[in-house]
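K.L.:
Here's my sequence, what's the structure:
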Amino acid sequence: MAVLEGDVLRALEGNLHDGPAAGRRLAQLADVRLLAPCQPGKIIAVGRNYAAHAAEHDAEVPAEPLIFLKPPSAVIGPGDQIILPRQSERVEHEAELAVVIGRRGRRIPRESSLEHVLGCTCGNDVTARDLQRSDGQWTRAKGFDTFCPLGPWIETDLDPQGLAVTGSVNGLVRQRGNSRQMVFDVATLVSYISSVMTLEAGDVILTGTPAGVGPLAAGDVVTVEVEGIGVLSNPVAAE
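P.N.:
Alright, predicted model coming up:
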């Protein structure tokens, strides 16, 4: 693992979750290929966490967080291809703020829940929308390989509230929101999810998507940008 200082990658010294330091120089950022910034044991995603997104699907805003799981095998990194599966005729992008857990916890109080967060990255909750509707549950629609791009890195010094979240396809903005518009904020989500399942270091929470989701086609390039973090870009290809 490495620490990014400006455009220089340095070796990570010490414990990632307890005062890590930047060590020897490894490489220039431009000279390396970035992988997904973590390998989560589980990915917990939150549905309809932006009221405008719920409205564009004629769905009610849930009274408590609506959570579902994506498999770790869905994770890809910056620049990796999103593969459109042959089973679906409509695959859509969902730009999201992704939260990476840094410390194990169960039944975490809301007031201390952010102490369990390592940092934030960009995420794309890619969804086969037609399968989501036809199946009546979301596992297949959300779970295909390549359906969880993460990156470009984890920003560890960032307040997750008030961050602009943008989703673009081929340079045209489709989604534009802000994490302050979330129905349930990050602190609430961490606490709520940990009341259901133990959160482990490296787990990822996808916090929901703003309005404006839309279809992807082979040849597209889809980009997620989160203020204070950076840009996650992935080409799209047919299976």
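K.L.:
Tell me which helix or strand comes right after the longest helix anywhere in the chain.
P.N.:
Taking DSSP state H as the criterion, the chain has its longest helix at helix 186-194. Using DSSP states H and E, the helix or strand that follows helix 186-194 in sequence is strand 204-206.
K.L.:
got the buried residues for the longest helix of the chain?
P.N.:
The neighbour-count check on helix 186-194 (16 or more other CB atoms under 10 Å) flags 186-187, 189-194 as buried. The C-beta positions use only the backbone N, C-alpha and C, and glycine is treated the same way.
K.L.:
likewise stretch 73-93?
P.N.:
In stretch 73-93, counting by 16+ other CB under 10 Å, buried: 74-80, 82-84, 88, 91-93.
K.L.:
just stretch 44-58 next, same as before
P.N.:
Neighbour-count burial for stretch 44-58, counted by 16+ other CB under 10 Å, picks out 44-50, 53-54.
K.L.:
And stretch 1-16, by the same measure?
P.N.:
Buried, per 16+ other CB under 10 Å, within stretch 1-16: 2-4, 9-10, 16.
K.L.:
Repeat that for stretch 164-181.
P.N.:
Those would be 165-169, 174-175, 177-179, 181, for stretch 164-181 by 16+ other CB under 10 Å.
K.L.:
Go through these and name the one nearest Glu239.
P.N.:
Val169 (19.0 Å; CB to CB).
K.L.:
So that closest one sits against Val221, correct?
P.N.:
Yes - here Val169 lies in contact with Val221, judged by CB atoms under 8 Å, at a distance of 7.2 Å.
K.L.:
And for the nearest residue to Pro149 once chain neighbours are set aside, the neighbour number?
P.N.:
Spatial nearest neighbour of Pro149, excluding adjacent residues (CB to CB, 6 or more residues apart in numbering): Asn124 at 4.3 Å. Residues contacting Asn124 under the criterion other CB atoms under 10 Å number 28.
K.L.:
same question, Arg104
P.N.:
Neighbour tally, Arg104, other CB under 10 Å: 15.
K.L.:
Report the buried residues of the longest strand along the chain.
P.N.:
The longest strand of the chain (DSSP state E) is strand 18-28. For strand 18-28, burial by neighbour count (16+ other CB under 10 Å) applies to Ala22.
K.L.:
Give the partner strands of whichever helix or strand comes after that strand in its sheet and their orientations.
P.N.:
Next in sequence after strand 18-28, counting helices and strands by DSSP H and E, comes strand 43-47. Using DSSP bridges, the strands paired with strand 43-47 are strand 66-70 (antiparallel), strand 204-206 (parallel).
K.L.:
the inter-axis angle of strand 43-47 versus helix 186-194?
P.N.:
If you take axes from the mean of the first three to the mean of the last three CA atoms, to 10 degrees, strand 43-47 sits at 120 degrees to helix 186-194.
K.L.:
Give me the contacts around the helix or strand that strand 43-47 is followed by.
P.N.:
Using DSSP H and E, the next helix or strand after strand 43-47 towards the C-terminus is helix 51-56. When contacts are defined by CB atoms under 8 Å, 6 or more residues apart in numbering, helix 51-56 is touched by residues 48, 60-61, 177, 181, 183, 208-213.
K.L.:
can you do 10 Å?
P.N.:
47-48, 50, 59-62, 66, 94, 175, 177, 181-183, 208-213 (CB atoms under 10 Å, 6 or more residues apart in numbering).
K.L.:
how about the strands paired with strand 43-47 in a markdown table, adding mean pLDDT and mean neighbour count?
P.N.:
As requested, those are exported to a markdown table (pLDDT from 0 to 100; neighbours: other CB atoms under 10 Å):
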| stretch | mean pLDDT | mean neighbour count |
| --- | --- | --- |
| strand 66-70 | 98 | 19 |
| strand 204-206 | 98 | 27 |
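K.L.:
mind checking which of these is nearest Pro37?
P.N.:
Short answer: strand 204-206, nearest of the strands paired with strand 43-47 by CB to CB, at 9.6 Å.
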